[in-house]
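Student: Predicted model and sequence below, questions to follow.
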Amino acid sequence: MPYIIILSRNILMFVSTPLNFSRIFTQMNKEAKKPTILVVNDDGITAPGIKSLIEVMQEIGNVVVVAPDGPQSGMGHAITIGKPLRFDKVDLYPGVEMYKCSGTPVDCVKLAVNIVFKGKKPDLCVSGINHGLNNSINVIYSGTMSAAVEGAIEKIPSIGFSLDDFAQDADFSHCKKFIKSIALQVLANGLPEATLLNVNFPKGDGLKGIKICRQANAKWAEEFDKRKDPYNRPYYWLTGVFENYDKGEDTDVWALDNGFVSVVPVQFDLTAHHAIQVLNTWDFETGEVGVVKSAKTNGPDGGNLG
């Protein structure tokens with residue numbers, strides 16, 4: 001005599017032997033309680049870094065991948081507005097729901113939220129693992145971090161992961177236990193509003209642990225390598241040298257140089273709050289230069305304190 005299991009209003013399953021229904025429903029509840037994790041990157045959907053990140057996230061929850069169909073490094077927070085986007089489901093890794101997108105990393109997050117999740121938010125957004133560091137000022141240019149920033153804008157707890165190795169065969173194995181630990185902490189504790197994490201790994205084994213850091217005061221001193229094409233027209237390759245002006249031992253640059261995983265909390269509110277009081281001393285009404293009004297200090301609630 002066949003046994004009938006009702007899986008939903010429209011789906012029936014017939015089996016020939018009795019089943020342990022308690023065990024079945026326990027497993028179903030476990031699956032239902034797993035967090036949903038959106039995985040994105042900027043190196044492209046076939047990059048080794050995103051494969052390693054998917055493997056770690058599969059140990060934690062249900063994974064959905066939306067990534068560019070090719071490299072999009074250095075795109076920052078760019079979005080596509082001048083042409084249509086292509087968005088296709090792909091089957092690269094068994095058991096993983098994956099989509100490739102013709103747009104930028106930020107486009108990927110926007111499409112994931114609106115097309116895949118249909119407005120429902122995943123429990124976590126992780127971006128990476130990037131081939132190359134996104135420490136210090138690099139966070140501004142990074143497509144990896146901008147995807148995570150977009151996740152945070154959508155009020156999804158978000159993390160960007162990067163490794164100091166540009167090689168196609170880069171070894172991400174030493175990063176995995178730290179990635180899992182950080183992701184679990186974010187899922188358990190959440191993040192402050194409008195905040196995300198920028199996580200960077202030194203190359204090689206023997207990591208000393210995790211350092212919570214601030215962004216170092218550093219920049220790229222750009223150089224342009226001028227060349228000529230076959231028609232004798234000039235073209236340029238961007239090169240440069242990373243210059244660190246920050247001697248502090250609480251920075252991400254110091255942590256990475258000394259064998260630690262750097263974790264920097266990042267915010268997308270770009271207001272220079274410390275400059276508001278200074279600008280309030282300027283005389284915009286008369287246009288006079290050099291005339292400084294008395295400074296007013298505002299309290300936390302916006303009230304004038306003087």
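Tutor: Looks like it came in fine. Computed from a predicted model, the values in this text were never measured in an experiment.
Student: Next up, the contacts around the residue most central in space within the chain.
Tutor: In the chain, the residue lying closest to the centroid (CA atoms, centre = their mean) is A148, at 2.7 Å. A148 makes contact with 40, 125-127, 158-160, 196-198, according to CB atoms under 8 Å, 6 or more residues apart in numbering. Bear in mind the C-beta positions are built from the backbone N, C-alpha and C, glycine included.
Student: repeat that with 7 Å
Tutor: A148 makes contacts with 125, 127, 158-160, 196, as judged by CB atoms under 7 Å, 6 or more residues apart in numbering.
Student: Likewise for P157?
Tutor: If you count contacts by CB under 7 Å, 6+ apart, then P157 has 124, 186, 190-191 around it.
Student: Just those: which are in strands?
Tutor: Judged by DSSP state E, these include L124 as members of strands.
Student: ok, so of the contacts of P157, who is nearest K211?
Tutor: The closest of those to K211 turns out to be V186 (CB to CB; 16.8 Å).
Student: Do I have it right that the closest one meets I159?
Tutor: Yes. Using CB atoms under 7 Å, V186 is in contact with I159, at 6.2 Å.
Student: can you give me the helices for the stretch 201-306 of the chain?
Tutor: Along the stretch 201-306 of the chain, the stretches classed as helices by DSSP state H, counting those that start in this stretch are 252-257, 273-279.
Student: what's the least confident helix or strand in this structure, going by average pLDDT?
Tutor: Every helix and strand of the chain was ranked by mean pLDDT, DSSP states H and E. The lowest is strand 3-6, at a mean of 50.
Student: Tell me the one of the contacts of P157 nearest F117?
Tutor: For those, the nearest to F117 is L124 (12.4 Å; CB to CB).
Student: Kindly confirm my reading that the residue nearest to the centre of the chain is in a helix.
Tutor: Yes. A148: assigned to a helix according to DSSP: H, G, I helix; E, B strand; the rest coil.
Student: List the contacts of G44.
Tutor: 67-71.
Student: Apply 6 Å and report the result again.
Tutor: For G44, the contacting residues are 68, 70-71, by CB atoms under 6 Å, 6 or more residues apart in numbering.
Student: Tell me, how many residues neighbour V65?
Tutor: A count of nearby residues for V65, using other CB atoms under 10 Å, gives 26.
Student: Helix, strand or coil: sort out it for me.
Tutor: Reduced to three states by three-state DSSP, V65 is strand.
Student: For Y99, give its distance to I153.
Tutor: Distance, Y99 to I153, by CB to CB, to the nearest Å: 20 Å.
Student: where are the low-confidence patches of the chain?
Tutor: For the chain, applying pLDDT under 70 flags the ranges 1-32, 291-306.
Student: Strands of that one, residue ranges please.
Tutor: For the chain, the strands defined by DSSP E cover 3-6, 12-15, 36-40, 62-68, 87-90, 97-101, 124-131, 158-163, 195-201, 210-212, 218-228, 234-244, 261-267.
Student: Pull up the pairing partners for the last one, direction included.
Tutor: Sheet pairing of strand 261-267 (DSSP bridges) gives strand 195-201 (antiparallel), strand 210-212 (parallel).
Student: Using PDB, list the CA coordinates for it.
Tutor: The C-alpha trace of strand 261-267 is given here as PDB (Å, rounded to 0.1, in the frame of the first residue of the first chain):
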ATOM      1  CA  VAL A 261      43.400  40.000   9.300                       C
ATOM      2  CA  SER A 262      42.200  43.600   9.200                       C
ATOM      3  CA  VAL A 263      38.600  44.400   9.900                       C
ATOM      4  CA  VAL A 264      37.500  47.900   9.400                       C
ATOM      5  CA  PRO A 265      33.900  49.100  10.000                       C
ATOM      6  CA  VAL A 266      32.800  51.200   7.100                       C
ATOM      7  CA  GLN A 267      29.900  53.700   6.700                       C
END
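Student: Can you list the buried residues in it?
Tutor: Within strand 261-267, the residues that count as buried by 16 or more other CB atoms under 10 Å are 261-264, 266.
Student: before we move on, what about the fifth one?
Tutor: Residues of strand 87-90 classed as buried by neighbour count (16+ other CB under 10 Å): F87.
Student: If you count contacts, what does that strand end up packed against?
Tutor: Under the contact definition 3 or more CB pairs under 6 Å, 6 or more residues apart in numbering; DSSP states H and E, strand 87-90 sits against strand 97-101.
Student: between the strand it packs on and strand 62-68, how many degrees?
Tutor: With axes from the mean of the first three to the mean of the last three CA atoms, to 10 degrees as the basis, strand 97-101 and strand 62-68 are set at 10 degrees to each other.
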